[in-house]
Structure formats: C-alpha cells, structure tokens
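> Task: produce atomic coordinates for the following.
(chains A and B)
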Amino acid sequence: MTAQRTLFEKIWDTHLVAQPGGRSPIIYIDLHLVHEVTSPQVFEGLRVAGRKVRQPLRTVATVDHNVPTEPRGTPITDVIAARQIAALQANCREFGVRLFDMDSPEQGIVHVIGPELGLTQPGMTIVCGDSHTSTHGAFGALAFGIGTSEVEHVLATQCLAQQTPKTMKIDVRGRLADGVTAKDLALGIIGQIGTDGATGHVIEYAGEAVRALSMEGRMTLCNMSIEAGARAGMVAPDETTFAYVKGKRFAPRDAEWESAVNYWRSLPTDPGASFDKVVDIDATQLCPFVTWGTNPGMVAPVTGRVPEVASLKEADRRATELALQYMGLEPGKRIEDIDVDRVFIGSCTNSRIEDLRAAARVAKGRHVSPKVRAMVVPGSQSVKRAAEAEGLHKIFLEAGFEWRESGCSMCLGMNPDILQPGERCASTSNRNFEGRQGRGGRTHLVSPMMAAAAAIAGHFTDIRNWKFQ
Amino acid sequence: MNPFRIHRGRVAPLDRVNVDTDQIIPKQFLKRIERTGFGEFVFYDWRFSADGKKSSDFILDEPRYQGASILVAGRNFGCGSSREHAVWALADFGFRAVISSSFADIFANNSTKNGFLTVQLGEMEVAELMRRAREMDDYNVTIDLEQCAVRDDAGFRATFPIDEFVRHCLLNGLDDIGLTLQHEEEIAAYEARHPAIEQTSDLRPRTSDLGPQTSDLRPKTSPTAEV
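Presented below is the predicted three-dimensional model:
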C-alpha cells in the first residue's frame, strides 16, 4: 500500500540512503553548487582530514558574491576578495571541481546559472552554501541552503544527515493582476505569514496563480522562501518546466530526455496527500508591494502607508520603532511619498532575462530622475548576452541606467557596489536587513517594474497606473 | 568538535527579535578564508561607529556583561543568510549558547556543527531570563544538556526540546562526516542504483572549464597577500 505523497515526500523518499536508528536520516545530494565565500574553510578541512571530493562531477563552482561588476578586464582592487577568489580557483584545480570562473562565458550568480545550464532538474536534491538555494525548487527539486560545515560534509560524502522537515502548502487562488508580479506574491506571502512563518517547513507553492508563472517567476517566488524562514520552496514540475529545461547544456537528451520527462511527470503531489500546514492566498487581492522596514515581512501596498506605531502590539511596537528609526521614516508616511537615491535591479531574486525585459519595458523612452543613480546587473553572462541581443542594454543606457557585468553585486555589497550611509534604495533583491547593502543604507524591496518606475519618478509609484510604449 | 555537556556562565540580554546573520557578522568580514578570528567583529555595526571606534551603548560592551558566555535574545534568532561565520563569530567572542524562543533552521544547524548550543525556551521563559539578566548583577545560568534543562540560583527552572541525535553528537563532540562515512556501503549502493549525472548527460568538464584559464583575467593581486 502506498500512501498519497507530496512532491517533497517523493523526492525525500527517493534520496534516502540510510535511516540509522536514533539518528537523522541520511539523504543523497544530486547536485552541489559552490561559490567563493562559504567554501575556502571547507577545502582546507578536506585537506587536513585527507579527504577528497567524493563526486567532483556532481559539484559545480562559480564566483559571484565578490566579483566586481566593472568590465571584466579591470583588476580586483579588494585584496581580500581577490584572495578568496584565488583560493576557489586553486581549490577547484586541486580537487578536480568544474569552475565557471570570472572569465567564463557562463559565469553568473550560482542560482541563475544552475537553471540556465540545465544543471537544475526536477526531482533532484540540490544544496549550496547559500540560503537562496531555495530558488532551484522552482523546478520541482528539493533545494536548500547549508552552512560551511555541511558543505564540507557534502563534498566528502555526497550526503547530508538531515532531520525530516515538515510540509506546508501555500495555495494561491485566482490570478495576479497586471503589474503584480511573482516578487509581489512573495512579499505578500511573507507579509502575511511573517519572516518565521515557515520555519522548519518545506513550502510547496500551488494554485492557479503559481501554475501561470513562468520559470523565472517561479524562481523568484521560491528564492524568497527562506525569507519566510522555510527550509525550501518548491513548485511541481509541469509543461512550463519541461519547456525551460529542454535543450539546456546539461539537460538529458534524446531517449534519456523522454525517460526523464516520464519520471518528472510522476513527481507532483498526489491528490489527497496531506500537509502539516496549509495557507491560502487570494492572488486577486495582491498588489505591488514595497517594504518599509528592516526585514522582508515589514511590507505595505504601494498605495498604503508606513504603519502607525501606536496601533501596534507592545512586542511589535519596539521592533517597528527600531526599524523606522533605522529607515529614517515617519509613521503614517505614504509609500508613494518616499524618495529614493539609488535603484538596484539584479540579484538571484530578480536578474533573469524576464526581469530585465519587465524593467526595460518601464524604462523605454523615459529617463532616470536626475537625483537617482540606477544600476542594472544581469544575473549571468548568459543573461547579459541575451539582453544585449534583444537591445535591452540600449534601452537602459539611453534611459540613464548603468549596465554592468554579472554577479551578486549590491544585493549584499561584498563587492564595491554598496550604498552610502543614509542612502535610500529601491532594490529588486531579497533582504532589507540593516546594513545589508552598505552600512547605514536603507533598502526597500520591490519588483523589477516597480524599481524601474521608482528610478524614473524619483520616488515609489504604482506601476499599475503607468502606460507603456 | 568540542563536546557540550553542562555549561554555567554569565548571561547577556539582547532584547531584539529577528536578529539576522547580517547583523551578527556583517558581510565585510566574510572574505576571510579561515574559520577563526571573527569574534572581534561580532555585531560590528551595532558595536562600532563607521570610523571603527567602539560605540559605548551596545549591551555586550557594558562592563557588567563582560565575559558573558550565554546570550538570550528575541524570537527567530539567526534568520537570513546561511553564513556559518555567524556561529564562528559568536563562539570566537566567547559565547557557548544562545537562548531564544525560536531559531532560524540554518543557523540552528550550523550551531550544532560547532559545539554551540541553541536553547529553545517558551516566550515567557525567555522574557523572564531577559528580565533577570537586566536586573540582577552578575546573573549566571547553568545549561545542562544531559538533563535538557536551564536553571539559575534564584529558582528559575526550564527544560528545552532537542533532537536526540543532535544531542548525542553535542554531548560527545562527534564529527558527523565520520558518522556518515560509516554508511559507505549504503552510499555506494545508492550510487550504483543512481548513476551519476555525467553518464546520462554531458556533465563531463570541457577543457575550457577546468585547469588554468587565461591569465590576464585572473585577479591581479597576489593570492598570498596579507589580510
């Protein structure tokens, strides 16, 4: 007798290697993505213990967090960043791990290149020493971020000992309106369930609005799962998924493609399978969102206002007061009255070709406000080439946006792209934590269209009221 | 890994919710390639002004909390980035444990790999510890992992839940890579049943992906430069 199982349970069961009594289950990891920041200590650990990388062919590395987004020939002036990048290069050579290096035509943010190379496939287990690994769940893979010790564990064993997570279904009924994107859906969900609303759970996003999303949209949605505290986020694979994966460099081919698709069709959650928790979201009630505080759950509709502190419960009041103090905002201020100094379009959340198309549609024939500095950072070299082939870079440049090389960039400011103290930024990234984009910098999370519109208007503005050429 | 059995130490209260790992160890310190030396940078932006001078008002720098080894903080501690550097920084600063009503998953996982304990108590219990740490001089508690209990000298008693395997590893300071490798036969059997990706697709490295690349695009600075 087989019980009705969820997408997560099917993948989990398939990857169980051992269930030692009294211990956490050991699961097999199909794909391990590695970047320069969370790996140097790991290779040193392997060296000290005399261990090798068990499955170099299931391990893929790139450089993204530290890389400057200046033209690639420019020397790296940050000595420590250069040392970390050099360490990854040396480690990959020593341990036989494939590296998409700075000069590779396929370099990019690790969560952008995995899918576009076809490394990310439905039904896989995927880990990376980066919390936004949840992105890959968009393909119906079980993908989650791990710390450095677990990176070492996976390199040495290709396995992880993991406590079994709980399951949560987020059922998104109805359709998103024009101008309301996957990013707004993600922010709307986090605003509703909170930044720890899904702690300990793997989310499966389901419902009409999720099915209607492109792969890029699903990646944006799954990417933000960690901001709700989730272990992972997933979307069941369907024709949209298969069409995206087909023909990618590492995707199965010919007869293997047919058998892979047959397997992938068996993955979606069985009717009647149960979840530990279910959350219902009405897509038709969602609108473009803007965060006003210092975590992604502090969010308001663009037509709304910064909250009145007096109306809040004691526990929330203190956190809100601290956030508003940091953000330099008055309670009750209209969101559309908030001016911005900087705009960042990029990050593993929103730097794919569809995101750039959406932003370019807004920018076309318009100009960035003279008081705003705006930059567009494609997620990968491949996205950059695709955008340039479509002429998007010309639209951005003519509108006064900077057009840069690929990398994580100002999402976390490990490279020279940072906010100055007090600067206010409309950002398509994923975290508005204090100092995330630069010490004293003030981040407001928005969709790519909303970011482009803020760049042009000089303040937040409701994209639903805009007319396009 | 150092075992954690029973620890008694001074308590420092950090009365904030959603303390994220960007706050615990800001990004500019993530470029080190060692596991050590992060302690002086813990909560950097809260403890130091932009020009690197110590700002006096952060709670950990108050004289009465010097030498604290137990941090008590608001819910959802350690949310955000997966950076294990957050645990390294707290441990290197001198902490052995954090007490909160909830922890982000990755932070809690990372802690267990470093002999660092995340103690989950009820919200009221955390609030009470926070109050005692603020109001009582040299406030100490004992965290007893053998009994899964927290107690002080003034009548506070609470127990906390913890995964039995995690507890076992912490009590004995076990390296879990070694434990997993005890299952070599099962791992090999799994790999035999599930052929590696390169056998079903073109995952073999192309020559252009491996080995020395064109030198003119490498970082120009010396890889051995001092931090």
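
> now do the same end-to-end measure for stretch A:410-428.
Using C-alpha to C-alpha, to the nearest Å, the end-to-end distance of stretch A:410-428 comes to 10 Å.

> Quick one: distance of that stretch to the chain centre.
How far stretch A:410-428 lies from its chain's middle: 17 Å, per C-alpha atoms, centre = their mean, to the nearest Å.

> Flag every buried residue along that stretch.
Neighbour counts over stretch A:410-428 (16 or more other C-beta atoms under 10 Å in any protein chain shown) mark A:410-415, A:417-419, A:423-428 as buried. Heads up, the C-betas are built off the backbone N, CA and C, glycines and all.

> now, among the residues you listed, which is nearest to A:Ala87?
A:Met414 (14.7 Å; C-beta to C-beta).

> biggest helix in chain B by residues?
helix B:123-135 (DSSP state H).

> quick one: is the longest helix along chain A near chain B?
If you go by DSSP H, chain A has its longest helix at helix A:79-95. Yes: interface with chain B: helix A:79-95 contributes A:79-87, A:89-90, A:92-93 (C-beta under 8 Å from any C-beta of the partner chain).

> Could you pull up the mean pLDDT of that helix?
Average pLDDT, helix A:79-95: 93.

> Can you name the element that comes right after it?
For helix A:79-95, the following helix or strand on the C-terminal side (DSSP states H and E) is strand A:98-100.

> Strand partners (parallel or antiparallel) of that next one?
Strand A:98-100 has these partner strands in its sheet, going by DSSP bridges: strand A:59-62 (parallel).

> Which positions in the longest strand anywhere in chain B come out as buried?
Counting by DSSP state E, the longest strand found in chain B is strand B:6-14. Using 16+ other C-beta under 10 Å as the burial criterion, the residues of strand B:6-14 that qualify are B:9-14.

> Now tabulate those in JSON lines and tack on distance to chain A and pLDDT.
Converted to JSON lines, the buried residues of strand B:6-14 look like this (distance: C-beta to the nearest C-beta, whole Å; pLDDT from 0 to 100):
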{"residue": "B:Gly9", "distance to chain A": "24", "pLDDT": "98"}
{"residue": "B:Arg10", "distance to chain A": "24", "pLDDT": "98"}
{"residue": "B:Val11", "distance to chain A": "20", "pLDDT": "98"}
{"residue": "B:Ala12", "distance to chain A": "18", "pLDDT": "98"}
{"residue": "B:Pro13", "distance to chain A": "14", "pLDDT": "98"}
{"residue": "B:Leu14", "distance to chain A": "12", "pLDDT": "97"}
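
> show me where chain B has helices.
Going by DSSP H, chain B shows helices at B:21-24, B:44-47, B:85-93, B:105-112, B:123-135, B:164-172, B:176-181, B:184-193, B:197-200.

> export those to JSON lines and tack on mean pLDDT?
Shown next, in JSON lines, are those (pLDDT from 0 to 100):
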{"stretch": "helix B:21-24", "mean pLDDT": "96"}
{"stretch": "helix B:44-47", "mean pLDDT": "94"}
{"stretch": "helix B:85-93", "mean pLDDT": "97"}
{"stretch": "helix B:105-112", "mean pLDDT": "96"}
{"stretch": "helix B:123-135", "mean pLDDT": "97"}
{"stretch": "helix B:164-172", "mean pLDDT": "92"}
{"stretch": "helix B:176-181", "mean pLDDT": "90"}
{"stretch": "helix B:184-193", "mean pLDDT": "93"}
{"stretch": "helix B:197-200", "mean pLDDT": "46"}
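
> These into CSV, with extra columns for mean neighbour count and distance to chain A?
CSV is the format used below for the helices of chain B (neighbours: other C-beta atoms under 10 Å in any protein chain shown; distance: least, C-beta to the nearest C-beta, whole Å):
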stretch, mean neighbour count, distance to chain A
helix B:21-24, 26, 4
helix B:44-47, 18, 5
helix B:85-93, 25, 7
helix B:105-112, 26, 4
helix B:123-135, 17, 9
helix B:164-172, 17, 4
helix B:176-181, 19, 5
helix B:184-193, 13, 4
helix B:197-200, 16, 4
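
> and those as CSV, adding distance to B:Lys31?
As requested, these are exported to CSV (distance: least, C-beta to C-beta, whole Å):
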stretch, distance to B:Lys31
helix B:21-24, 15
helix B:44-47, 14
helix B:85-93, 10
helix B:105-112, 19
helix B:123-135, 34
helix B:164-172, 30
helix B:176-181, 25
helix B:184-193, 34
helix B:197-200, 32
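
> and of those helices, who's closest to B:Ile99?
Of all those, helix B:123-135 sits nearest to B:Ile99, with 6.2 Å by C-beta to C-beta.

> who touches that closest one?
Contacts with helix B:123-135, where a contact means C-beta atoms under 8 Å, 6 or more residues apart in numbering or on different chains, come from B:11-13, B:15, B:72, B:74-75, B:99-101, B:121, B:139, B:141, B:150, B:152, B:154, B:156, B:158.

> what's the spacing between the most centrally placed residue in chain B and B:Phe38?
Nearest to the geometric centre of chain B sits B:Val87, at 2.2 Å (C-alpha atoms, centre = their mean). For B:Val87, the distance to B:Phe38 (C-beta to C-beta, to the nearest Å) stands at 9 Å.

> buried set for the longest helix of chain A?
Using 16+ other C-beta under 10 Å as the test for burial, helix A:79-95 gives A:79-89, A:91-92, A:95.

> rewinding a little: paired strands for the longest strand of chain B, with orientation please.
Counting by DSSP bridges, the strands paired with strand B:6-14 are strand B:70-73 (parallel), strand B:140-144 (antiparallel).

> Now do the same contact list for B:Asn2.
For B:Asn2, the contact set (C-beta under 8 Å, 6+ apart) comprises B:115, B:173.

> Highest mean neighbour count out of the strands paired with strand B:6-14?
Each of those was scored by mean neighbour count; the highest is strand B:70-73, a mean of 26, by mean count of other C-beta atoms under 10 Å in any protein chain shown.
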